[in-house]
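> When you get a sec, could you give me coordinates for this:
(2 chains)
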Amino acid sequence: NAGVMQNPRHLVRRRGQEARLRCSPMKGHSHVYWYRQLPEEGLKFMVYLQKENIIDESGMPKERFSAEFPKEGPSILRIQQVVRGDSAAYFCASSPSQGIQPQHFGDGTRLSIL
Amino acid sequence: DQQVKQNSPSLSVQEGRISILNCDYTNSMFDYFLWYKKYPAEGPTFLISISSIKDKNEDGRFTVFLNKSAKHLSLHIVPSQPGDSAVYFCAASGLGNQFYFGTGTSLTVIP
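Purely as a prediction, here's the structure:
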């Protein structure tokens, strides 16, 4: 999984706090995807971004969740006013700019809500 | 609305034998399929892919078969090795860049 960097690896928050998850894509990749994996479940698509643009956010809850991929710096997945149900592993993936290509994943951020 | 399904949550195979992991999909617009392998506490790692214009793709010990009429694909690992023990996800994509993942099959290769 070298290349796609996610931090932090583990994040603990209390209910009502904000969680910020960061993802730096592989070098040369301009497409970023965020997925959530709940215990005993598969990967659920959340949002797909290119630099400065949200392309598809159909999998992201309408409230409390937001994502950005600025011109400079990592992509950020932000969860406001976290609740227990937000506890999950959040994975970021990236792919090259053209064509259908395999997505390359980071090692994820494990978010725990107390 | 699970468009990609892996109906076997787990599979155990003896070392040296063949492992067959199955995946079904519902959306006939899917035209690109992938298999990922995932170890605990790590992200998924890309294994092998196949486009809908082919019915087989082989890479070393790994072969993916696609049956478009049945909307079914399978991953064959032969011979299976203990290091293959992991969770395997199949994924599918159609128009656009969104990938739909199955819920995974946990493979255990017994030495």
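> ok, so what distance separates the residue located most distally from the centre of chain B from residue B:82?
Seen from the C-alpha centroid of chain B, the residue lying at the greatest distance (Cα atoms, centre = their mean) is residue B:111, 22.1 Å away. Distance of residue B:111 to residue B:82, given as Cβ to Cβ, to the nearest Å: 5 Å. Where C-beta positions appear, they are placed from N, C-alpha and C, glycine not excepted.
> Could you find the closest non-adjacent residue to residue A:49?
Leaving aside its chain neighbours, residue A:49 sits nearest to residue A:69 (4.0 Å; criterion: Cβ to Cβ, 6 or more residues apart in numbering or on different chains).
> Tell me the first helix or strand C-terminal of the helix or strand of chain B with the lowest mean pLDDT.
Every helix and strand in chain B was compared by mean pLDDT, DSSP states H and E; the lowest is strand B:99-101, with a mean of 89. Once the chain leaves strand B:99-101, the next helix or strand it forms, by DSSP states H and E, is strand B:105-110.
> can you give me how far that following strand is from the chain middle?
Chain-centre distance of strand B:105-110: 13 Å, with Cα atoms, centre = their mean, to the nearest Å.
> can you check stretch B:38-47 too?
Worked out by Cα atoms, centre = their mean, stretch B:38-47 lies 13 Å from the chain centre.
> Check which residues of it are buried.
By neighbour count on 16 or more other Cβ atoms under 10 Å in any protein chain shown, the buried set for stretch B:38-47 is B:38, B:43-44, B:46-47.
> Equivalent analysis for stretch B:100-111, please.
Residues of stretch B:100-111 classed as buried: B:100-105, B:107, B:109 (neighbour count, 16+ other Cβ under 10 Å).
> what's the distance between residue A:103 and residue A:59?
The value you get for residue A:103 to residue A:59, if Cβ to Cβ is used, is 14 Å.
> correction: residue A:89
From residue A:89 to residue A:59 the distance is 15 Å (Cβ to Cβ).
> what do you get for residue A:18?
Applying Cβ to Cβ to residue A:18 and residue A:59 gives a distance of 20 Å.
> likewise residue A:52?
Taken as Cβ to Cβ, the span from residue A:52 to residue A:59 is 20 Å.
> hang on, the earlier thing: so which of the buried residues of stretch B:38-47 belong to strands?
Applying DSSP state E to those, the entries found in strands are B:38, B:46-47.
> of those, list those near chain A.
residue B:46 (Cβ under 8 Å from any Cβ of the partner chain).
> Doesn't residue B:27 lie inside a strand?
No: counting by DSSP: H, G, I helix; E, B strand; the rest coil, residue B:27 is not part of a strand but coil.
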